[in-house]
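Trainee: Mind looking at a prediction? Sequence and model below.
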Amino acid sequence: MSRLEIGAKAPAFTLTNQNGKKVSSKALLGKRYVLYFYPQDDTPGCTREACQFNDELSGFKKIKVTVLGVSPDDAASHVAFRKKYGLSFDLLSDPDKKVMEKFGAYGEKMMYGKKTIGIIRSTFVIGPTGTVEQALYGVKTEGHASRVLGSLAN
């Protein structure tokens, strides 16, 4: 698994959101956006992370940064997750984990002291030209969204 470096061209992607609408890196060109990868809807850590991004959403919108969450879950799961927690940003489905692999967000990781293969909680800030401005791997959820926002607001 290779990790993305700052300044690298972000991998191209097209994924569907909770409403079945296609969201692509090509359509996002010209905008700055946060793309964060998480293991599963409605699990404790993922819920905390999503709710924190949602809590900070007005700050991201103020600086014109789009927030997108990506997991292997399907649209129905995303719809239920968004509704349950009042999330107002798009959640994208990557069921075969191909986009996660391209971003280095799927592969070997340590879990409870054992090597395992899975989703590596990761966040990327992609700039208007499609280059990686931040690449954060092995993210700890607590306070993460506000740290990302703080780094962009400077």
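Mentor: Great, that's in hand. Residues are numbered from 1 along each chain as shown.
Trainee: contacts, neighbours, all on C-alpha from now
Mentor: Fine.
Trainee: which residues touch Ala10?
Mentor: If a contact means Cα atoms under 8 Å, 6 or more residues apart in numbering, then Ala10 has 4, 103, 126, 130-132 as its contacts.
Trainee: Dump the residues you listed to JSON lines, plus secondary structure, distance to Val79 and neighbour count.
Mentor: Formatted as JSON lines, those follow (DSSP: H, G, I helix; E, B strand; the rest coil; distance: Cα to Cα, whole Å; neighbours: other Cα atoms under 10 Å):
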{"residue": "Leu4", "secondary structure": "coil", "distance to Val79": "30", "neighbour count": "20"}
{"residue": "Phe103", "secondary structure": "helix", "distance to Val79": "24", "neighbour count": "21"}
{"residue": "Ile126", "secondary structure": "strand", "distance to Val79": "25", "neighbour count": "27"}
{"residue": "Gly130", "secondary structure": "coil", "distance to Val79": "28", "neighbour count": "22"}
{"residue": "Thr131", "secondary structure": "strand", "distance to Val79": "30", "neighbour count": "18"}
{"residue": "Val132", "secondary structure": "strand", "distance to Val79": "29", "neighbour count": "20"}
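Trainee: Would you point out which residue is most central in this protein?
Mentor: The centroid of the chain falls nearest to Tyr36 when counting by Cα atoms, centre = their mean (1.3 Å).
Trainee: Give me the helices and strands touching the helix or strand hosting that one, please.
Mentor: In this assignment (DSSP states H and E), Tyr36 forms part of strand 32-37. Helices and strands in packing contact with strand 32-37 are listed as strand 65-71, strand 122-126; criterion 3 or more Cα pairs under 8 Å, 6 or more residues apart in numbering; DSSP states H and E.
Trainee: Send me the longest one as CSV with only the CA atoms.
Mentor: Listed in CSV are the C-alpha atoms of strand 65-71, where the atom choice follows Å, rounded to 0.1, in the frame of the first residue of the first chain:
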residue,chain,number,x,y,z
VAL,A,65,-14.5,23.7,1.5
THR,A,66,-16.7,20.7,0.7
VAL,A,67,-16.7,17.8,3.1
LEU,A,68,-17.2,14.2,1.8
GLY,A,69,-17.1,11.0,3.8
VAL,A,70,-16.4,7.7,2.1
SER,A,71,-17.0,4.1,3.4
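Trainee: Fine, thanks again, bye for now.
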